[in-house]
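In: using only what follows, build the 3D model:
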Amino acid sequence: MSQLSLKEKHFSPDIPLTLVSDCSPKDFKDYQALMAFDVANTPWRETLARSFKTDKQLARVFSNINPVDDEVYQVIAARITPYIAQLMDQEDPACPIRLQYVPEQDEMDVAPHELGDQLAEDDMMPAGTSIVHRYPNRVLFLVHNICGAYCRHCTRKRMVSDPLNVISMDRIRQSVAYLQAHPEIEDVLLSGGDPLLLTDDRLDTILSMIREARPDLKILRIGSRLPTQLPTRITPELCRVLVKNRVTLLNTQVNHPKEITSLFIKHMTMLRNSGIMLGNQSVLIKGVNDDVDVMRELVMSLISNGIRPYYVYSMDPAPGNSKFQVSYDRMLEIYHGIRGWVSGPAIPTFIVDGIGGLGKMPVQPEYVRKETKEGETRLMATNFEGRSADVSFLLGS
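Out: Below you'll find the predicted structure:
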């Protein structure tokens, strides 16, 4: 598929951040200047304003940065926060952090099966709203289309970073009205873009509107990768907003143990101490975490810091994502490789998000299965070491 088959977006690489105070960015002159930058003690908006947005900016600081054409940024912009950049290896292009964020020309290589809206979210969005109503009693509520940093494997390339696709307050009001008109909805997930890129006041306004319209909601949760991309976004003021509006759970996305830093742990602990449950939704990415030892370390590091490994997704077939794809067989191998070798609460559910709006479907080996030989059916159970036992008594009479 050619680049002309991709949904056209007309913007420059320097996408403005809406709803966040604009600061004049200052490029880092070299790697030493980057590493000397004090992320921990700089206000998060100021840090965000100093993000890398082009391959040319990256090439001044890092080695082995490949030049890319402007067409790459027409699919999805680039933005790498100084915090992320400090985690990146200066020279190695195979660094697991670089692989997730550094733009590459081969993102324009689109496989035949890759689609702009592969999960059919737009088809499940009631007119005038930004809600995706796929499941009977829960919805996805998109509140922003901008992210603090842009993952090259993004599933919503069709909409994020597009200044022509901003989610207006009118759409948010209509979405809240939809929630009010559908009492069967019990669970609302705020996503985007990244909800935490909104100011505290704007986020408070949206959360308060939801709680006022539906005080009976059982679950109100937020999906955000910003805690991983810029942990200092988690502040006491933000925690107060979340507690005030009874936010139940915050899910982030950590894909590699290298992302679990002392600064990340410190700020996620603020959320834990505020009573917010924490979860993690990883994406299985070739060269990043498609390794049993890496995944074992990742899930154990998460659970030991109070973050539940919730899902591990297969790669969604968004345009240009095939280079990141991990095979089904490899997914099963990784699942086999962690079950029995890590703590039970650290075992995530491996997921395929069905194209066409089928929803999330678990991927797991059959540890207990029926076997029929010579007309006799037995029920066999196999453990993580490959040892089996006959449990046919469970078949009943």
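In: who's in contact with Tyr178?
Out: 126, 129, 131 (C-beta atoms under 8 Å, 6 or more residues apart in numbering). In this view, the C-beta of every residue, glycine as well, is placed from N, C-alpha and C.
In: so which of the residues you listed comes closest to Ile307?
Out: Ile131 (27.1 Å; C-beta to C-beta).
In: neighbours around the closest one, how many?
Out: Neighbours of Ile131 under the rule other C-beta atoms under 10 Å: 24.
In: among the contacts of Tyr178, which one lies nearest to Leu190?
Out: Closest approach to Leu190 among these (C-beta to C-beta): Ile131, at 10.6 Å.
In: please name the bridge partners of that closest one.
Out: Phe141 (DSSP bridges).
In: separation between it and Pro183?
Out: 15 Å (C-beta to C-beta, to the nearest Å).
In: what distance separates stretch 209-225 from the centre of its chain?
Out: Centre-to-centre, stretch 209-225 and its host chain are 19 Å apart (C-alpha atoms, centre = their mean, to the nearest Å).
In: measure it end to end?
Out: In stretch 209-225, first residue to last residue: 23 Å (C-alpha to C-alpha, to the nearest Å).
In: any weak-confidence spans in the protein?
Out: 1-25, 116-120, 163-164, 356, 397 (pLDDT under 70).
In: go again with 50.
Out: Where the chain drops to pLDDT under 50, the residues are 1-25.
In: ranges for the helices of it?
Out: 31-36, 44-49, 55-59, 70-75, 82-87, 96-101, 169-181, 200-213, 226-229, 236-244, 262-273, 292-304, 328-338 (DSSP state H).
In: quick one: which of the ones you listed is nearest Gly279?
Out: Between the helices of the chain, helix 292-304 lies closest to Gly279; by C-beta to C-beta that is 9.0 Å.
In: how about residues contacting that closest one?
Out: Contact partners of helix 292-304, identified using C-beta under 8 Å, 6+ apart, comprise 254-257, 260, 280, 282, 288-289, 308-309, 312, 333-334, 337-338, 341-343, 345-348.
In: of the residues you listed, grab the buried ones for PyMOL.
Out: Buried members of those, defined by 16 or more other C-beta atoms under 10 Å, are picked up in PyMOL with:
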select buried, resi 254+255+256+257+260+280+282+288+289+308+309+312+334+337+338+341+342+346+347+348
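In: could you list which of the contacts of helix 292-304 belong to strands?
Out: Counting by DSSP state E, these place 280, 282, 308-309, 312 in strands.
In: what separation do you get for Asp109 and Gly306?
Out: 40 Å.
In: what sits against the closest residue to Leu278 other than its chain neighbours?
Out: Among residues not flanking Leu278 along the chain, Ile307 sits closest, at 4.5 Å (C-beta to C-beta, 6 or more residues apart in numbering). By C-beta under 8 Å, 6+ apart, Ile307 lies in contact with 252, 254, 268, 278-280.
In: now with 7 Å?
Out: By C-beta atoms under 7 Å, 6 or more residues apart in numbering, the contact list for Ile307 reads 268, 278-280.
In: one more: Thr382?
Out: Taking C-beta under 7 Å, 6+ apart, one finds 367, 388 in contact with Thr382.
In: now His153: closest residue in space, sequence neighbours ignored.
Out: Phe324 (4.9 Å).
In: list the contacts for the one you found?
Out: Residues near Phe324 by C-beta under 7 Å, 6+ apart: 153, 285-286, 315.
In: most surrounded residue in the residues you listed?
Out: Within those, most neighbours by other C-beta under 10 Å means His153, with 26 neighbours.
In: which residues touch it?
Out: Contacts of His153 (C-beta under 7 Å, 6+ apart): 100, 283, 285, 315, 321, 324.
In: can I get these in JSON lines including distance to Ile219?
Out: Below are the contacts of His153 laid out as JSON lines (distance: C-beta to C-beta, whole Å):
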{"residue": "Gln100", "distance to Ile219": "29"}
{"residue": "Val283", "distance to Ile219": "23"}
{"residue": "Ile285", "distance to Ile219": "28"}
{"residue": "Met315", "distance to Ile219": "27"}
{"residue": "Asn321", "distance to Ile219": "29"}
{"residue": "Phe324", "distance to Ile219": "30"}
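In: of the residues you listed, just say which sits nearest to Asp162.
Out: Closest to Asp162, out of all of the contacts of His153 and judged by C-beta to C-beta, is Asn321, at 17.8 Å.
In: the closest one reaches Met315, doesn't it?
Out: Yes: counting by C-beta atoms under 7 Å, Asn321 touches Met315, with 5.4 Å between them.
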